[in-house]
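Asks: okay, structure incoming, though there's no sequence with it:
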Ligand code: IPE
Ligand code: IPE
Ligand code: MG
């Protein structure tokens, strides 16, 4: 049975988040500059977005550049910014009926990138097959810090009461407020860490780590992660028996 046939089409994770890691090592292993890995990584983004949309994923959220990545050599940052600019072609999103969004400190990006991002967001706003979100100049602690500062300000101004700060309210104030929490978080490239990604949102996500470097990640790798996910029991604190019972007698 092929991998795609092993996927339960009724239980596709609604939201997959991916830490796309391993571009530099992929290139270095081939004796190429790290930027060659990033260039190949962009091709993989295009393919995986189309694959995910095709199998019915509703939200795909990709970690492309962290706040910590600003500490990389300037030449690598510049090459990445250029690749991002080249990647942002509206036609591909329109053709695949993909809504494009971005999360992160967008105002730190070069103006040309900001403009292209905004154009893509605006022109794809009505697309509804899948929402593709790119995390750019993003880190979770940065996001949480800014959100807390804004909420503290609202309390100070008297337009927000401390007791109104519930879990749902916090989620609604985060940059990710237009998406559900990730069901599945994938990290490629072999590292077993979260690197400041969606810390609040991944409270109950299933984690899947694979050694494959992002430039080698393909539809088969994605299917493997989804099959692995589908073999897990998500208990959310309950017992396994409770979860089975609830599945048999949905309320
Ligand atoms: C991920 O690949 C892409 C970015 C962080 C921009 P890396 O560039 O981190 O590649 P490795 O981990 O050094 O191989
Ligand atoms: C995480 O990868 C960030 C992105 C994939 C954009 P890094 O390569 O920056 O993470 P660390 O430094 O190995 O944790
Ligand atoms: Mg890395």
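Replies: Good, I have the coordinates. Since this is a predicted model, take the numbers as computed values, not measurements. Residues are numbered from 1 along each chain as shown. Ligands and ions are numbered 1, 2, ... in the order given.
Asks: now do the same contact list for the most centrally placed residue in the chain.
Replies: When CA atoms, centre = their mean is applied to the chain, the residue found nearest the centroid is residue 61 (2.1 Å). The contact partners of residue 61, taken as CB atoms under 8 Å, 6 or more residues apart in numbering, are 15-18, 103, 132-135, 176, 179, 182, 198. Every residue, glycine included, has its C-beta placed from N, CA and C.
Asks: what distance do you get for it to ligand 2?
Replies: Distance of residue 61 to ligand 2, given as CB to the nearest ligand atom, to the nearest Å: 12 Å.
Asks: tell me which residue of this protein is furthest from the middle?
Replies: Largest centre distance within the chain, by CA atoms, centre = their mean: residue 158, 34.6 Å.
Asks: separation between that one and residue 172?
Replies: 20 Å (CB to CB, to the nearest Å).
Asks: try residue 195
Replies: For residue 195 relative to residue 172 (CB to CB), the value is 25 Å.
Asks: tell me the contacts of whichever residue of the stretch 101-250 of the chain sits closest to ligand 2?
Replies: Going by CB to the nearest ligand atom, ligand 2 is nearest to residue 195 of the stretch 101-250 of the chain, at 3.7 Å. Residues near residue 195 by CB under 8 Å, 6+ apart: 19, 21, 63, 66, 68.
Asks: weed out the non-buried ones from those.
Replies: Neighbour counting with 16 or more other CB atoms under 10 Å marks 19, 21, 63, 66 as buried within those.
Asks: need the three-state assignment for the third one.
Replies: Under the three-state scheme (DSSP: H, G, I helix; E, B strand; the rest coil), the conformation of residue 63 reads as strand.
Asks: if we can go back for a sec, hang on, the residue of the stretch 101-250 of the chain closest to ligand 2 is in a strand, isn't it?
Replies: No - read with three-state DSSP, residue 195 is coil and lies in no strand.
Asks: and the pLDDT at it?
Replies: Note for residue 195: predicted pLDDT of 98.
Asks: work out the gap between the helix-or-strand element of the chain with minimal mean pLDDT and the centre of the chain.
Replies: Scoring the helices and strands of the chain by mean pLDDT, DSSP states H and E places helix 90-95 at the bottom, with a mean of 92. Relative to its parent chain, helix 90-95 has a centroid offset of 19 Å by CA atoms, centre = their mean, to the nearest Å.
Asks: give the next helix or strand downstream of it.
Replies: Per DSSP states H and E, the first helix or strand lying C-terminal to helix 90-95 is strand 98-103.
Asks: give me the angle between the helix or strand just after that next one and strand 98-103.
Replies: Later in the chain than strand 98-103, the nearest helix or strand by DSSP H and E is helix 111-123. With axes from the mean of the first three to the mean of the last three CA atoms, to 10 degrees defining the directions, helix 111-123 sits at 130 degrees from strand 98-103.
Asks: in helix 111-123, which residues are buried?
Replies: For helix 111-123, burial by neighbour count (16+ other CB under 10 Å) applies to 113, 116-117, 120-121.
Asks: next to ligand 1, which bits of the stretch 51-200 of the chain? Give me the list.
Replies: Within the stretch 51-200 of the chain, the positions adjacent to ligand 1 are 65, 69, 80, 189 by CB under 6 Å from any ligand atom.
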